[in-house]
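J.: based on what follows, work out the 3D shape:
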Amino acid sequence: MKTDARAIGHKTLTELRKRAVASVQAGEMPTAVARVLGIHDRTIFRWLAKYRSGGWQKLDAKKRGGRPPKLDGKALKWVYNTVTMKSPLQLKFPFALWTSTMIRELIYRRYEIKLSRSSVCRLLGQLGLSAQRPLWRAYQQNPELIQKWIDEEYPKIRRQARRVGAEIYFGDEAGVRSDFHSGTTWGKRGQTPIVSSTGARFSVNMISAVSPRGQMRFMITKARVTAKVFIEFLKRLLVNASGPVFLIVDGHPTHKAKCVRRFIESQQGKLKIVLLPPYSPELNPDEYVWNDLKNNCIGRKVLSTKAQLRKQVLNHLRKIQKMPALIMSFFQSPTTRYATA
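T.: Okay, the predicted model is just below:
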């Protein structure tokens, strides 16, 4: 049942308006707030427009008149729905992320109203929106396969592992380059700081695997990771294993090579390779090993030789290996929590 705001007393209506606007600014969806308060969607956007045109005082139900807002409730609802439900590419913008400049252009295209960048940022904040780093997804990714993996496939793997006393690992390969840098640095306004490094670029390739129980195994290789190198890592993974090992990796051709399959068969049930759904690296907790290595080690050092790079990589991976709590935290992100022990 919807509430007719016109039938509410001025004092009550004022408080209702302020509570609604405050809830939206705290991050609640306007439509959700409207549903809880029993008002129409268009009503809450009209209140947001009033607030935008004159602040909290403008929400006073006793006050009438004044300069009309540049964007009324209907316009604010359109802006909110467009930014939250559509990609800029759908509206023929050249960039896939919503920026304040693009939203400013969007408003001008629709309503021929020019707002400053700061005004647009203020508007978005008043609608409960904020600038955030997006999570990237490959457009080839199949959401149905992802959900099936989380709801059906992985629980089945976990049950099987428990029956045979197997340890589950998630594995991945990566390479780090000497010219990788992370973080920010202070500098003169208007002048982009320059990080000096050697002109010679070099890299180190690695394989690692982590378990939900906080265990980690890794191997550094001079060459690129081929099927032969992958088999060598599998052999190391089996050393001192108390039971079978289930290794979950992506569908890279290296993991599906004939020689790899032959090696797995030769282990007579001691080793099982399971493939993640295609184009879904976010499901692999081992990705966080490389993220930690690149951002907390390599990206913050100046390395002049390949030997220095290899030493730093080796030391940092050994450091991670001795921190089971950190490794288990890799299984606590929204996309990897399904794999906790």
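
J.: what helix or strand does the residue nearest to Asp72 when sequence neighbours are not counted sit in?
T.: Distance criterion Cβ to Cβ, 6 or more residues apart in numbering; nearest residue to Asp72, sequence neighbours excluded, is Ala49 at 5.0 Å. Every C-beta, even on glycine, is put in place using the N, C-alpha and C of the backbone. Assessed by DSSP states H and E, Ala49 sits inside helix 41-54.

J.: could you chop this protein up by domain?
T.: Taking automatic domain parsing as the domain assignment, the ranges for the chain are 5-126, 143-182+199-339.

J.: reformat these as JSON lines; add mean pLDDT, distance to Gln132 and mean neighbour count.
T.: Listed next are the domains of the chain as JSON lines, based on pLDDT from 0 to 100; distance: least, Cβ to Cβ, whole Å; neighbours: other Cβ atoms under 10 Å:
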{"stretch": "domain 5-126", "mean pLDDT": "81", "distance to Gln132": "10", "mean neighbour count": "16"}
{"stretch": "domain 143-182+199-339", "mean pLDDT": "89", "distance to Gln132": "13", "mean neighbour count": "16"}
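
J.: show me where the stretch 201-341 of the chain has strands.
T.: In the stretch 201-341 of the chain, the segments counted as strands under DSSP state E, counting those that start in this stretch are 203-210, 216-221, 245-249, 271-275.

J.: what's in contact with the first one?
T.: Read that as strand 203-210. Taking contacts as Cβ atoms under 8 Å, 6 or more residues apart in numbering, the residues outside strand 203-210 that touch it are 169-178, 216-225, 229-230, 233, 237, 247, 285-286, 289-290, 306, 309-310, 313, 317, 327, 330.

J.: only C-alpha atoms, please: export stretch 148-165 in PDB.
T.: C-alpha atoms of stretch 148-165 as PDB (Å, rounded to 0.1, in the frame of the first residue of the first chain):
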ATOM      1  CA  LYS A 148      26.700 -24.100 -11.400                       C
ATOM      2  CA  TRP A 149      30.400 -24.300 -10.300                       C
ATOM      3  CA  ILE A 150      29.600 -22.600  -7.000                       C
ATOM      4  CA  ASP A 151      26.400 -24.400  -6.200                       C
ATOM      5  CA  GLU A 152      27.000 -27.800  -7.600                       C
ATOM      6  CA  GLU A 153      30.400 -28.600  -9.100                       C
ATOM      7  CA  TYR A 154      32.700 -27.400  -6.300                       C
ATOM      8  CA  PRO A 155      30.600 -28.800  -3.400                       C
ATOM      9  CA  LYS A 156      30.700 -32.200  -5.300                       C
ATOM     10  CA  ILE A 157      34.600 -31.900  -5.500                       C
ATOM     11  CA  ARG A 158      34.800 -31.100  -1.800                       C
ATOM     12  CA  ARG A 159      32.700 -34.100  -0.800                       C
ATOM     13  CA  GLN A 160      34.800 -36.400  -3.000                       C
ATOM     14  CA  ALA A 161      38.000 -35.000  -1.500                       C
ATOM     15  CA  ARG A 162      36.700 -35.600   2.000                       C
ATOM     16  CA  ARG A 163      35.800 -39.200   1.100                       C
ATOM     17  CA  VAL A 164      39.300 -40.100  -0.100                       C
ATOM     18  CA  GLY A 165      41.200 -37.800   2.300                       C
END
